[in-house]
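A.B. asks: how would this look folded up:
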Amino acid sequence: MKKILVGVSGGVDSLSVVLYFKNLNFEVFPYFLILSEKNLIEKEKVVQLYKDLGFKIIVEDKRDYFKEKIIDYFIKTYRDGRTPNPCAFCNRLVKFPLLVSKMKELGFKKFSTGHYIRVDRGFLYKGKDKKKDQSYYVSTVKKDDLKFFENSITSFLSKDEIKKFVSGNNVEIKVKESQDICFIKDNYVDFLNENGFFDEEGEMVDDNGKVLKKHSGYYRFTIGQNVKIGGLDEKYFVKKIIPLKNRIVVCKRDGLKVKEFLLTPLEIFSDERKDLKVKIRYRNEEVECEIEDFKGNIKVITKDYIYGVTPGQIGVLYRDDKVVLSGVIEK
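C.D. replies: Numbering: from 1, shown residues only. The predicted structure follows:
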């Protein structure tokens, strides 16, 4: 009997993958990682769910490893006045490497997850459900790790079809799915306050250096964020963050538009250079672009203006449904 390791969270997506491979007569081993206090709280329900279904679930506490790789990165990125993307880096540095490592330790040849993606001959593609597609977040994962990924039900079905599949197997989900950052309880500002960031009055200025108002900490802002200037009707947006001066530079919306920015490559899946589109945030639409190599970075030149390009975030280049490369936005 074929064996497979499946990374599980307790949600419907990863559960559907476990049931899918079970129905294909695989011996399936759910693998639950404790990465945060939230995961620890959910552990009992998740373990009970899979035990009730007759699976031998594997649970490992990797909170120290997660802190070193992700939480410390998250804090440092904000300290530098940039905006981190912990989910994308967690996939690259924590979840997928740990899945591959455990898979090899058990002597298996493949692993899977509940991500809405598809992998084919070493290339990463969007999943069928474009509203749930997670190729943006998985685009950072190393090719050497993805080569062990086995496509599953979430590669080919929509979220609604997944729910029907699970309910058709008479299984009740007991863990609430979350879209939030897993290690933050309430909001990221409170988290940063608990980890060495303190309120300090700074200046919010326009492009000419004119002080418009005061603020209580540069780390409370991200590029593109709408800010209210008392007494002014115009909308202003964060254009630049200067951490050493605790200064925020704001502008009107047109001041955010750019047609060029740089990426530091994370993972290059393909050398294709024609008919490309770029996505600079998970929820953003893709924009047609061209790319050029530039001093070790990649220069992205978009056909139309885009707004709110944010240093520290992930930029992903696509050709149709195929991921060409991913990188960290620099400027």
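A.B. asks: Low-confidence ranges, the protein, go.
C.D. replies: 174-179 (pLDDT under 70).
A.B. asks: residue farthest from the centroid of it?
C.D. replies: Distance from the C-alpha centroid of the chain, by Cα atoms, centre = their mean, peaks at residue 231 (37.6 Å).
A.B. asks: how much space between that residue and residue 281?
C.D. replies: 31 Å (Cβ to Cβ, to the nearest Å). Every C-beta, even on glycine, is put in place using the N, C-alpha and C of the backbone.
A.B. asks: Same question for residue 43.
C.D. replies: 32 Å.
A.B. asks: again with residue 10
C.D. replies: Relative to residue 281, and taking Cβ to Cβ, residue 10 is found at 27 Å.
A.B. asks: Show me which of those two is the more surrounded one.
C.D. replies: The neighbour count for residue 10 versus residue 281, taken as other Cβ atoms under 10 Å, is higher for residue 10 (23 against 18).
A.B. asks: Hmm, residue 44 and the more buried one touching each other?
C.D. replies: No. At 10.2 Å, residue 10 and residue 44 do not qualify as touching, with contact defined as Cβ atoms under 8 Å.
A.B. asks: on that earlier part again, quickly note the distance from the residue farthest from the centre of the chain to residue 323.
C.D. replies: To residue 323, residue 231 is 46 Å away according to Cβ to Cβ.
A.B. asks: cool, and residue 10?
C.D. replies: Counting by Cβ to Cβ, the gap from residue 10 to residue 323 is 27 Å.
A.B. asks: same deal with residue 116?
C.D. replies: Applying Cβ to Cβ to residue 116 and residue 323 gives a distance of 13 Å.
A.B. asks: same question, residue 290
C.D. replies: 17 Å.
A.B. asks: who has more neighbours, those two?
C.D. replies: The neighbour count for residue 290 versus residue 323, taken as other Cβ under 10 Å, is higher for residue 323 (27 against 14).
A.B. asks: What are the phi and psi values at residue 219?
C.D. replies: With angles defined as degrees, to the nearest 10, residue 219 sits at phi -70, psi -10.
A.B. asks: from what I can see it touches residue 199, true?
C.D. replies: No. Checked against Cβ under 8 Å, the pair residue 219 and residue 199 is beyond contact range at 9.6 Å.
A.B. asks: so which helix or strand takes in the closest residue to residue 236 other than its chain neighbours?
C.D. replies: Nearest non-adjacent residue to residue 236, counting by Cβ to Cβ, 6 or more residues apart in numbering: residue 250, 4.3 Å away. Residue 250 belongs to strand 247-251 when assigned by DSSP states H and E.
A.B. asks: May I have whichever helix or strand comes after that strand as CSV, with CA atoms only?
C.D. replies: Next along the chain after strand 247-251, taking DSSP H and E as the criterion, comes strand 258-268. The C-alpha trace of strand 258-268 is given here as CSV (Å, rounded to 0.1, in the frame of the first residue of the first chain):
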residue,chain,number,x,y,z
VAL,A,258,4.7,53.5,-10.2
LYS,A,259,5.6,51.5,-13.3
GLU,A,260,8.9,50.1,-12.2
PHE,A,261,10.1,48.3,-9.0
LEU,A,262,12.8,45.8,-8.0
LEU,A,263,12.5,42.3,-6.7
THR,A,264,15.1,40.3,-4.9
PRO,A,265,14.5,36.8,-6.3
LEU,A,266,13.4,34.0,-3.9
GLU,A,267,12.5,31.2,-6.2
ILE,A,268,12.8,31.0,-10.0
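A.B. asks: Packing partners of strand 258-268?
C.D. replies: strand 297-306, strand 314-319, strand 322-329 (3 or more Cβ pairs under 8 Å, 6 or more residues apart in numbering; DSSP states H and E).
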